[in-house]
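Trainee: Okay, sequence plus prediction incoming.
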Amino acid sequence: MTIYYIFINFFLYSFIGWCAEVAFAALKERKFVNRGFLNGPLCPVYGLGVTAVVMLMHPFKEQLFLLYILSAILVTVLEWLTGFLLEVLFHHKWWDYSGMPLNLNGYVCLPFSLLWGAACVFIVKILHPLIFKAYSFIPLWIGIVILIICGIELVADLCVTVSGILKINKKLEMMEEIAAELHRLSDQMGENIYQNVMEGVERQEALKKKREEYQQKYAHYLEHSSQTGRRMLRAFPKMQSKLHHEIWEELREKHDHLYRKK
């Protein structure tokens, strides 16, 4: 398989994977939800996984059982690595199969691995041969132009998404600092009341005013979540923040409340 076909497979199956995720979410939520990591209609993990399967599993095409088992193992390893790397890089757990039987760290589970194996058999035996034949109707120069456009879109989308996630992490960090300061001020006000009711009136008022300012700032951050943050909460309902768990859950509750109103 040439470099040209590797890349065209990657982008095509990234798009098909995105369509499958959106269709699954539509059946579940009864509305459109962009379930991809990126803003655009691409799920790179699908593109990478299926491209690897059609390349590496071709020698086992006629050995159905072996094709099924090896495909399931390959895709499961890729899904585990993707979940692990995303969590290490961005400090968020994007999906969680902890409630599923025979799961590994919540990244993968046996039921979905078996499903991926069946899907890969269908792709290798039926879908990909049809797609490969369809490639012959696309002139090489048109295919190259399409790849260049898709490549530019992917890089730009990746930059925007990563930037948005880093901003989310920064915002969560600031909210955590504000919450800690509010807790400190509340404790300080309580101590002042306990130690000296009369002498501490002015200081008490100053602390109260400062606490109200922090409360307003915290409420503002909670109310005005970023576009990337809102999209991630919709796309990955079980997404978890490893560094700012309580703040993230509060944002999720706020988002879910607003989302149910629409």
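Mentor: Structure received.

Trainee: what about residue 40, distance to residue 155?
Mentor: 11 Å (C-beta to C-beta, to the nearest Å). From N, CA and C alone the C-beta is placed, and that goes for glycine too.

Trainee: One more: residue 146?
Mentor: 15 Å.

Trainee: higher neighbour count, those two?
Mentor: Shown here are residue 146 and residue 155; by other C-beta atoms under 10 Å, residue 146 has more neighbours (15 against 10).

Trainee: Can you tell me the element that one falls in?
Mentor: Element membership for residue 146 (DSSP states H and E) is helix 140-195.

Trainee: same deal with residue 81?
Mentor: Residue 81 belongs to helix 64-90 when assigned by DSSP H and E.

Trainee: can you pull the buried residues of that helix?
Mentor: 67-68, 70-72, 74-76, 78-80, 82-83, 86-87, 90 (16 or more other C-beta atoms under 10 Å).

Trainee: Also stretch 104-111?
Mentor: For stretch 104-111, the neighbour count (16+ other C-beta under 10 Å) marks 106, 107, 108, 109 as buried.

Trainee: my guess is the first one contacts residue 97, does it?
Mentor: Yes: the pair formed by residue 106 and residue 97 meets the contact definition of C-beta atoms under 8 Å, at 5.2 Å.

Trainee: so residue 98 touches residue 106, yeah?
Mentor: Yes: here residue 98 reaches residue 106: they are 4.1 Å apart, a contact under C-beta under 8 Å.

Trainee: tell me, what's touching the two both at once?
Mentor: Both residue 98 and residue 106 lack any common contact, where contact means C-beta atoms under 8 Å, 6 or more residues apart in numbering.

Trainee: domain parsing for this structure?
Mentor: 3-137, 170-261 (automatic domain parsing).

Trainee: Could I get the full set of strands for the stretch 1-150 of the chain?
Mentor: 92-93, 103-104, 108-109 (DSSP state E, counting those that start in this stretch).

Trainee: got a list of what residue 66 touches?
Mentor: Contacts of residue 66 (C-beta under 8 Å, 6+ apart): residue 60.

Trainee: quick one: average pLDDT of stretch 7-15?
Mentor: What stretch 7-15 shows for mean pLDDT is 96.

Trainee: go on, stretch 128-135?
Mentor: Mean predicted lDDT for stretch 128-135 stands at 94.

Trainee: Also stretch 40-57?
Mentor: On average, stretch 40-57 scores 93.

Trainee: who's in contact with it?
Mentor: With C-beta under 8 Å, 6+ apart as the criterion, stretch 40-57 contacts 1, 6, 9-21, 35-38, 67, 70-71, 74-75, 78-79, 82, 120, 123-124, 128, 150, 153-154, 157.

Trainee: buried ones in that stretch?
Mentor: Quick answer for stretch 40-57 (16+ other C-beta under 10 Å): 40-54, 57.

Trainee: just the CA coordinates of stretch 33-43, formatted as PDB?
Mentor: Output of stretch 33-43 as PDB, limited to C-alpha atoms (Å, rounded to 0.1, in the frame of the first residue of the first chain):
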ATOM      1  CA  VAL A  33     -23.900  15.800  19.100                       C
ATOM      2  CA  ASN A  34     -20.400  16.300  17.600                       C
ATOM      3  CA  ARG A  35     -18.700  13.300  19.300                       C
ATOM      4  CA  GLY A  36     -15.300  13.900  17.900                       C
ATOM      5  CA  PHE A  37     -12.200  15.100  19.800                       C
ATOM      6  CA  LEU A  38     -11.800  17.700  17.000                       C
ATOM      7  CA  ASN A  39     -14.200  20.400  15.900                       C
ATOM      8  CA  GLY A  40     -14.400  19.100  12.300                       C
ATOM      9  CA  PRO A  41     -15.900  15.900  11.000                       C
ATOM     10  CA  LEU A  42     -12.900  13.700  11.700                       C
ATOM     11  CA  CYS A  43     -12.100  11.100  14.400                       C
END
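
Trainee: can you redo the buried residues of stretch 104-111 as CSV with pLDDT?
Mentor: Putting those into CSV (pLDDT from 0 to 100) gives the following:
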residue, pLDDT
106, 91
107, 93
108, 96
109, 95
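
Trainee: Could you single out the nearest of those to residue 173?
Mentor: residue 106 (23.8 Å; C-beta to C-beta).
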